[in-house]
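Visitor: Build me a structure from this.
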Amino acid sequence: MAKLSLPLRLELRGAPSRAMTYLSPLMAIVLTLVLGALLLMALGKDPLAGLKVFLVDPFATRRSISELLLKSIPLVLCALGLVVCFRANIWNIGAEGQFTVGAMCSGAMLVWLDVPGQAIPGGAGLLLMVLAGILGGAFWAGITALLRDRFNANEILVSLMLTYIAQLLLMYAVNGPLKDPNGMNFPQSKVFSEVFMLPVLLTGTRLHAGFAVAIVAALAMTVFMTRSLRGFSLMVGGVAPHAARYAGFSARSALWVSLLVSGGFAGLAGAFEIAGPIQQLLPSVSPGYGFAAIIVAFIGRLHPLGTIFGALIMSLLYLGGELAQSRLGLPAAITGVFQGMLLFLLLACDTLIDYRLAWKKRV
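Guide: Residues are numbered from 1 along each chain as shown. Presented below is the predicted three-dimensional model:
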């Protein structure tokens, strides 16, 4: 049988291409749109109408823009934590579980605080709710750090498996101790009081103060990663562990710091989600923000400010997928399909950072 031989081959570059580092996400986005249009044609839909739903309609009104920004908040926060981990060469894949535990701890705190006759100011209750979310997410990530530190367990498998345990714990909580006694037997907590909810940034929308917090957090993490000794030691440990060890940087400290910071950010995202758009604890508290944040981190080139751009792109897919269901009759899985194509094409385009395409020489 004759082998299929392509006229192009991958040739190692002398040095990684700086231009392709930033062009790769843009190429992946464009290719995702092209393949998405072909997919819509295969489903019998007008590709131009489909792309309009994903690219134009989310910017059509003030309310749709606010929803776009709202969906970017948990993505930015989760991705910021993942950037720290990935820079330190710690592969935390369990941001979804840390998000879930953070939301569950925040919901438990609000259930405890939101008792009639209990004189707790709204600002103090909001602060306690946020702290509960951060500590819950950090604790869940700390389990991964402990197992990696003591038993050299693979953090990818541990953090991923803990995600499903967190989801089961959430199901137990909303069907048991946190269940609304007046909720007609639905698995959910009661709707929390308005005094404990995040303030709204734009009147008439659901965009809350968490968006400002996410922007400030991205700026703060940029300073931490580029201007602090701890951030420098994390990056050196990820790129050159032997050099970091020679310089006296502790690999164990990098493991704990990166995972606790990552879990804390994911837990904060979970707290903002139940104190913002949801306003109660539900089994479906997350549509997969923790997993989508992995793509966001790589679209942003593992830079804290880049996560804002990546989160907006991913928010477009989430919002466009919801609009495509109602306006084009497409299944709910269309969002996941677009996300998967984007990740696959991003990884493929990233190959061109270290390699170039070259024509094969004829023998």
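
Visitor: Assumed L68 was part of a helix.
Guide: Yes: counting by DSSP: H, G, I helix; E, B strand; the rest coil, L68 falls inside a helix.

Visitor: Surely it touches S315?
Guide: Yes: contact criterion C-beta atoms under 8 Å: L68 and S315 qualify, at 5.0 Å. Any C-beta I mention is one placed from the backbone N, CA and C, and that applies to glycine too.

Visitor: Of the two, which one has the most company?
Guide: Legend: neighbour count by other C-beta atoms under 10 Å for L68 and S315, higher for S315 (23 against 19).

Visitor: Identify the residues contacting the residue nearest to the more buried one when sequence neighbours are not counted.
Guide: Closest residue to S315 apart from its sequence neighbours, by C-beta to C-beta, 6 or more residues apart in numbering: K71 at 4.1 Å. Going by C-beta atoms under 8 Å, 6 or more residues apart in numbering, K71 touches 314-315, 318-319.

Visitor: same deal with S189?
Guide: S189 touches 107, 110-111, 174, 178-180, 183, 280-282, counting by C-beta under 8 Å, 6+ apart.

Visitor: if we can go back for a sec, overlap in contacts, L68 and S315.
Guide: Common neighbours of L68 and S315 (C-beta under 8 Å, 6+ apart) are P58.

Visitor: From P283, how far out is the residue nearest to S315?
Guide: 19 Å (C-beta to C-beta, to the nearest Å).

Visitor: tell me the phi and psi of K360?
Guide: phi -70, psi 140 (degrees, to the nearest 10).

Visitor: So it is in contact with L10, correct?
Guide: No: under the criterion of C-beta under 8 Å, K360 makes no contact with L10, lying 10.8 Å away.

Visitor: number of nearby residues for L8?
Guide: There are 9 residues near L8, going by other C-beta under 10 Å.

Visitor: ok, and the closest non-adjacent residue to it?
Guide: L357 (5.1 Å).

Visitor: just G133 next, same as before
Guide: Spatial nearest neighbour of G133, excluding adjacent residues (C-beta to C-beta, 6+ apart): A271 at 2.7 Å.

Visitor: Sketch out the low-pLDDT regions of the stretch 201-350 of the chain for me.
Guide: 238-239 (pLDDT under 70).

Visitor: now the helices for it?
Guide: For the stretch 201-350 of the chain, applying DSSP state H, counting those that start in this stretch gives helices covering 210-227, 229-239, 241-246, 251-274, 289-299, 306-328, 334-354.

Visitor: And F54, how close does it get to K71?
Guide: To K71, F54 is 13 Å away according to C-beta to C-beta.

Visitor: now swap in N185 and tell me
Guide: From N185 to K71 the distance is 30 Å (C-beta to C-beta).

Visitor: again with A271
Guide: 16 Å.

Visitor: same thing with L346?
Guide: Taken as C-beta to C-beta, the span from L346 to K71 is 20 Å.

Visitor: pretty sure I313 is touching A292, no?
Guide: No: at 10.2 Å, I313 does not count as touching A292 under the criterion of C-beta under 8 Å.

Visitor: In terms of neighbours, single out the busier of these two.
Guide: A292 (29 against 19).

Visitor: Can you tell me the closest non-neighbouring residue to the more buried one?
Guide: M314 (5.2 Å).

Visitor: how about the nearest residue to D350, chain neighbours excluded?
Guide: Nearest one to D350, counting by C-beta to C-beta, 6+ apart, is S24 at 5.2 Å.

Visitor: cool, L260 as well?
Guide: A138 (4.8 Å).

Visitor: Just the pLDDT at that neighbour, thanks.
Guide: With respect to pLDDT, A138 scores 97.

Visitor: Over to the one 5 residues further on?
Guide: Residue-level confidence at I143 comes out at 97, pLDDT.

Visitor: doesn't it fall inside a strand?
Guide: No: applying three-state DSSP, one finds I143 to be helix, outside a strand.

Visitor: I'd say it and T163 touch.
Guide: No: proximity of I143 to T163 does not meet the contact threshold set by C-beta under 8 Å, at 11.5 Å.

Visitor: can you give me the helices in the stretch 1-150 of the chain?
Guide: 18-42, 47-55, 62-87, 95-113, 122-151.

Visitor: Which among these is found nearest to F196?
Guide: F196 sits nearest to helix 122-151 of all the helices of the stretch 1-150 of the chain, at 4.6 Å, using C-beta to C-beta.
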